[in-house]
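Peer 1: Need the 3D shape of this:
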Amino acid sequence: MEDKVTLLSKISLFEELSMDELKLVDAISTMRPVKKGTVVLSPSHPLQALFLLKKGQVRLYRLNSEGRQFTTDILVDGNVFGQTDTFALTDSETYAEAMTDTYLCIMAQEEFKAFMAQRPNLAMKLLNILSERLRETYDLSERIALADVRSRILYLLIRLSERRGRRQGAWQTVDMRLTHWDLATMVGSSRETVSAIMSELKRNGMLRRRLFAYALNADKAREQLGFPEF
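Peer 2: Numbering: from 1, shown residues only. Modelled structure (predicted):
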């Protein structure tokens, strides 16, 4: 595995830092391997800290009054999450669960505040990250409210492919480990309904299953959704 400083350089927040600054982040943070299925953050176990996702995949979700999970985001290598008393990329009602074996770097609140106080450009990057996540959450919420389940799934797969995927002609990969249940918790439906729609998309040549990934005919999906400009 790559060394800690090299992995830190791939965190989106820190990509413009010098080697000396990266070494400082290395010194004031703690690296922690997390097993698949581990909940690292929850309302009953809040932690005032910034989590740097160095390698792996983390699901952020909330529970409704009936205990049903709703996934608000899936993060991959290079992302950040967590909250301090000055910045919040999640809130006190959010759960964070490792979807794969994951490596996290944790920066405690006081160390984070001291580091950021000398680097206002990083504060602006954090605001940009937060703004982009809020925009994506709003867009997905609007689709869930107004569209049928099939359209919600197509929209979600397009968005995930833009975040973690590769273009191959008309096809766009979704390079994430996702189950039908994971997708169901993001589009507000049942696993059974999502499974039926995914099977229909495969039969109609819209979707292909790959090892630990999907491939979506993005051109057809955008045409059916009515936004070919994406």
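Peer 1: Can you show me the CA trace of stretch 129-140 as CSV?
Peer 2: What follows is stretch 129-140, C-alpha atoms only, in CSV (Å, rounded to 0.1, in the frame of the first residue of the first chain):
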residue,chain,number,x,y,z
ILE,A,129,-17.1,20.8,-1.2
LEU,A,130,-20.0,21.4,1.1
SER,A,131,-21.8,23.5,-1.5
GLU,A,132,-21.4,20.8,-4.2
ARG,A,133,-22.7,18.1,-1.8
LEU,A,134,-25.7,20.2,-1.0
ARG,A,135,-26.4,20.8,-4.7
GLU,A,136,-26.2,17.1,-5.4
THR,A,137,-28.4,16.2,-2.5
TYR,A,138,-31.0,18.8,-3.6
ASP,A,139,-31.0,17.5,-7.2
LEU,A,140,-31.4,13.9,-6.1
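Peer 1: pLDDT on it, on average?
Peer 2: Mean pLDDT, computed over stretch 129-140, is 75.
Peer 1: Buried ones in that stretch, by neighbour count?
Peer 2: I129, R133, L140 (16 or more other C-beta atoms under 10 Å). Quick note: C-beta positions are derived from backbone N, CA and C, even for glycine.
Peer 1: So which of those sit within strands?
Peer 2: Mapping the buried residues of stretch 129-140 onto strands (DSSP state E) picks out no residues; all lie outside.
Peer 1: And those, which is closest to V39?
Peer 2: Closest approach between these and V39, by C-beta to C-beta: R133, at 20.1 Å.
Peer 1: Tell me who's in contact with that closest one.
Peer 2: Neighbouring residues of R133 by C-beta atoms under 8 Å, 6 or more residues apart in numbering: D73, L89.
Peer 1: distance of it from L160?
Peer 2: 14 Å (C-beta to C-beta, to the nearest Å).
Peer 1: how about the buried residues of stretch 129-140 in TSV, adding distance to W171?
Peer 2: Shown next, in TSV, are the buried residues of stretch 129-140 (distance: C-beta to C-beta, whole Å):
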residue	distance to W171
I129	29
R133	27
L140	22
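Peer 1: tell me which element the residue positioned nearest the centre of the chain is part of?
Peer 2: Closest to where the C-alpha atoms of the chain average out (C-alpha atoms, centre = their mean) is L75, at 2.1 Å. Secondary structure from DSSP states H and E places L75 in strand 69-76.
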